[in-house]
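*Asks:* Mind looking at a prediction? Sequence and model below.
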Amino acid sequence: MLDISPKATLPKAGGVGYKPQHFNELMNAPGSVTWLEIHAENYMGDGGRPLAQLRHLAEKFPISVHGVGLSIGGEARLDPEHLSRLKTLIDWLNPAMFSEHLAWSTHDAQFLNDLLPLPYTNDTLTRVTAHINEVQDHLGRKMLLENPSSYLAFAQSTWSEPDFLRELARRTGCGLLLDVNNVFVSATNLNFDPRAYIDAYPLDLVEEFHLAGHDEDADELGRKLLIDSHGKPVDEPVWALFDHVISSGGARPALVEWDNDVPDFNVLEAETARAAKHMQGVVV
Amino acid sequence: MTLELTTPPQEMTVNQTSFRNALLDPETPAPDGLVTPEGTHAEKRFGVYRNNVAHSLSSALVDGFPVLTKLLGEEFFRQMALVYLRIHPPASQLIMHYGAAMPTFLVGFPGTVHLKYLPDVARLELALRRAYHAGDAEAIAPADLTQLDQATLMDTRLVLAPAVETLTSEFPVLSIWEFNMQDGPKPTMQAEEILISRRGYDPVAQRLPVGGAIFVNALIKGHAFGTALGLATSEVADFDLTATLSALIAGHGIIKIEKG
């Protein structure tokens, strides 16, 4: 196990989703970047450069491990092989945080490589509760659950998303990862007020924020449809919503995600600096 | 955010089988019960998930098969990838290894069936990816090997790095790879035996002399040096052992010498 004792928690400051092309800048001149998030599945190989880089980064930064492949919302049981790979990584790295998504991605042993939506029903609640409990028991640690970005709704849903997340956290003891861009994207696409969502959301259970850029498209009726693309700077209305979040619930470790058309490090660093600036002076 | 407490009618419940089926097949309409904010059927919105899945998986294939992409052109390759991902969606969350069925797929795909060398190009690219993610191991110093006398050497077992594998092709696939990735000379028609390994963190592919793959594969199986040499020379009378060992050493392929 690595010695990460001095950096065992994420600071309430700016972090970035790690991209290998930024390795040298992060090691030598990270600027406002104070912590990193990695996608768990990219570090499940046996060895090589990805794990070697991670070893170096973990000596310098607190790390948050973000899973994209557990399929916590899946109808089938969790993949024991994947859970075991995850445990191997977590035990080795001993990261400051582990988070996953309120979504599914695997069905009939096919991994679809996307975060797919769930109906918010009592059945889903029971199933996701059992899966989160299994993950936390298996890893021997608390996890955070992230709110999805939605493009459509389920006629069968009987819960609002904030209530559903609050109830999951109550039943499992998990924390929440609030993706502010996802709230804005879903609010636009499903025609609800993002501030009302935040006001209904259990901010006291939030241990990490995500911020990212989105793209704009249109639906069949020509209305605005936002796509959670992670390929642009954070949009201005999302920064405004972020201000509402932190004035309501205080600062948290705040991550800027940029996964497509990844820019030069200085562009990403400027976004992180801005996230930190928005949180400056906020009474926690 | 209304809290709707009534039980929905049965046909409005969407299960993940129907969701997945429509996701992978654009001819299958989005399941009933997926709705817009007004409650109408969300067919176009469902397309966002279709696009996400198709784009992320075909991009993973473009990244994973750079030479195939170059040979076929990215536009063609992406069209082909859409067919591939519907027949072979990932069986694992480790997208780093996605595309293992590509060599056999290329044999049956109408647009590539006549390009007989493509499956082996795909095999080489898969092997290089496996090498990139293979377990770490430190290579022996060349002198550790050269100082052994011949009798000792024959009884010795050479343990190879986890990244080491071979590829034998009736086509010049490494030459094709080098021509496309490293401005190598124009390939000429010849069979090639290839050693794949990793130097530091960088995968490397080197040409082996005829019979070299037999020798290396025997070592991978755990045979003694003398046995491996016997297997190679029984197939190739003038087997070039020195060139094969040079490639193994240059590729940081030998990690341990176990004396018999």
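*Replies:* All right, it came through fine. Numbering: from 1, shown residues only, chains lettered A, B, ... in the order given.
*Asks:* nearest residue to residue 209 other than its sequence neighbours?
*Replies:* I'll assume chain A. A:Ala254 (4.3 Å; CB to CB, 6 or more residues apart in numbering or on different chains). In short, each C-beta sits where N, CA and C put it, glycine included.
*Asks:* ah, no, chain B please
*Replies:* Nearest to B:Pro209 is B:Asp240, by CB to CB, 6+ apart, at 3.8 Å.
*Asks:* Show me where the chain dips below the pLDDT cut-off.
*Replies:* In the absence of a named chain, chain A is used. Applying pLDDT under 70 to chain A flags residues A:1-7, A:283-284.
*Asks:* other chain: chain B
*Replies:* In chain B, residues with pLDDT under 70: B:1-11.
*Asks:* in it, which spans are strands?
*Replies:* B:34-35, B:157-160, B:165-169, B:192-199, B:202-208, B:254-258 (DSSP state E).
*Asks:* Now render these as a markdown table, adding mean neighbour count and distance to A:Pro263.
*Replies:* Listed next are those as a markdown table, based on neighbours: other CB atoms under 10 Å in any protein chain shown; distance: least, CB to CB, whole Å:
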| stretch | mean neighbour count | distance to A:Pro263 |
| --- | --- | --- |
| strand B:34-35 | 24 | 34 |
| strand B:157-160 | 20 | 41 |
| strand B:165-169 | 20 | 37 |
| strand B:192-199 | 24 | 30 |
| strand B:202-208 | 19 | 26 |
| strand B:254-258 | 16 | 40 |
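*Asks:* Looking at those strands, which is nearest to chain A?
*Replies:* Closest to chain A of these is strand B:34-35 (CB to the nearest CB; 5.0 Å).
*Asks:* ok, now how distant is A:Glu75 from A:Glu134?
*Replies:* 15 Å (CB to CB, to the nearest Å).
*Asks:* Ignore what I typed, I meant B:Val35.
*Replies:* 31 Å.
*Asks:* Please apply the same query to B:Ala101.
*Replies:* Taken as CB to CB, the span from B:Ala101 to A:Glu134 is 31 Å.
*Asks:* For the stretch 101-250 of chain B, which residues are neighbours of chain A?
*Replies:* B:Tyr132, B:His133, B:Ala134, B:Gly135, B:Asp136, B:Pro162, B:Arg198, B:Tyr201 (CB under 8 Å from any CB of the partner chain).
*Asks:* does the last one really touch A:Ala52, like I thought?
*Replies:* In other words, B:Tyr201. Yes: contact criterion CB atoms under 8 Å: B:Tyr201 and A:Ala52 qualify, at 6.3 Å.
*Asks:* and whatever residue of the stretch 51-200 of chain A ends up closest to chain B, what is it in contact with?
*Replies:* Ranked by CB to the nearest CB, the top residue of the stretch 51-200 of chain A for proximity to chain B is A:Gly69, at 3.3 Å. A:Gly69 is in contact with A:Ala40, A:Glu41, A:His82, A:Ser105, A:Thr106, A:Phe111, B:Gln93, counting by CB atoms under 8 Å, 6 or more residues apart in numbering or on different chains.
*Asks:* Going by neighbour count, which of these comes out on top?
*Replies:* A:Thr106 (27 neighbours; other CB atoms under 10 Å in any protein chain shown).
*Asks:* element containing that one, please.
*Replies:* strand A:104-107 (DSSP states H and E).
*Asks:* List the pairing partners of that strand within its sheet, with orientation.
*Replies:* Counting by DSSP bridges, the strands paired with strand A:104-107 are strand A:110-116 (antiparallel).
*Asks:* The following helix or strand past the strand it pairs with and chain B, any residue contact?
*Replies:* Using DSSP H and E, the helix or strand that follows strand A:110-116 towards the C-terminus is helix A:122-139. No: using CB under 8 Å from any CB, helix A:122-139 stays clear of chain B, with a minimum separation of 8.9 Å.
*Asks:* which other helices and strands contact the helix or strand just after helix A:122-139?
*Replies:* Proceeding N to C from helix A:122-139, the next assigned helix or strand is strand A:144-146, under DSSP H and E. Secondary-structure packing of strand A:144-146 (3 or more CB pairs under 8 Å, 6 or more residues apart in numbering or on different chains; DSSP states H and E): strand A:97-101, helix A:161-172, strand A:175-179, strand A:206-212.
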